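take this sequence and fold it.
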Amino acid sequence: MTTVFSSAAALQAAVGQSLGATDWLRIEQPRVDQFADATGDHQWIHVDPEKAAKGPFGGTIAHGYLTLSLVNYFLPQLMRVENLQMGVNYGCDRVRFPAPVRVGARIRGAGEITGVETLTNGAVQVVVRVTVEVEGSDRPGCVVDTISRYTFNPAV
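Numbering: from 1, shown residues only. Take a look at the predicted model:
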């Protein structure tokens, strides 16, 4: 269920609030191979299932940055901000990859608003911690604090 926000005050009131979790997404080898092609990272732990089966992870794993990039897929499922003049992705803090994401695993994003700051131009900066959960694992595949800036339409 997507949480909808339509004002800076609503975002401010949601600090510490869980945004729930998204649907599961299965990580398949073609996605990993496409990411390898897009980034030039063809390390065998990602793209060679035969060699990787004998490696430290028992099979191919998703690139950490592929897992991170899927946060952009999960965020709109977790929250939507309406009544905007503009919204921009400002960046990320504290990116971590505590556990590998094996090809074939299912992952999902779980979110929490951890901070909202009012900026000098009336915009707000919102920090959402997204935890990429790996089904059946005690440790997440990725944890990242995303930073977005939103400028709302003036009240009428």
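
next, give phi and psi for the spatially most central residue of the chain.
Note on the chain: the residue nearest the mean C-alpha position is residue 71, at 1.9 Å, using CA atoms, centre = their mean. In terms of degrees, to the nearest 10, the main-chain angles of residue 71 are phi -60, psi -40.

can you check residue 151 too?
Torsion angles at residue 151 (phi, psi; degrees, to the nearest 10) stand at phi -120, psi 120.

verify the contact between the residue nearest to the centre of the chain and residue 130 for me.
Yes: using CB atoms under 8 Å, residue 71 and residue 130 qualify as a contacting pair, with a distance of 4.9 Å. From N, CA and C alone the C-beta is placed, and that goes for glycine too.

what do these two both touch?
Common contact partners of residue 71 and residue 130 (CB atoms under 8 Å, 6 or more residues apart in numbering): 109, 142, 144, 146.

ok, those residues vs residue 59, which is closest?
Closest approach to residue 59 among those (CB to CB): residue 142, at 18.5 Å.

for residue 76, the count of nearby residues, please.
11 (other CB atoms under 10 Å).

contacting residues around it?
residue 2.

residue 93 belongs to a strand?
Yes: under DSSP: H, G, I helix; E, B strand; the rest coil, residue 93 sits within a strand.

leaving aside the residues next to it on the chain, what's closest to it?
For residue 93, ignoring the flanking residues on the chain, the nearest one in space by CB to CB, 6 or more residues apart in numbering is residue 145 at 4.3 Å.

give me the pLDDT value at the closest residue to residue 18 other than its chain neighbours.
Distances taken as CB to CB, 6+ apart put residue 112 closest to residue 18, at 5.3 Å, once the chain neighbours are dropped. With respect to pLDDT, residue 112 scores 98.

ok, the nearest residue in space to residue 53 that is not next to it in sequence - contacts?
Spatial nearest neighbour of residue 53, excluding adjacent residues (CB to CB, 6+ apart): residue 59 at 5.5 Å. Taking CB under 8 Å, 6+ apart, we find residue 59 in contact with 49, 52-53, 102-104.
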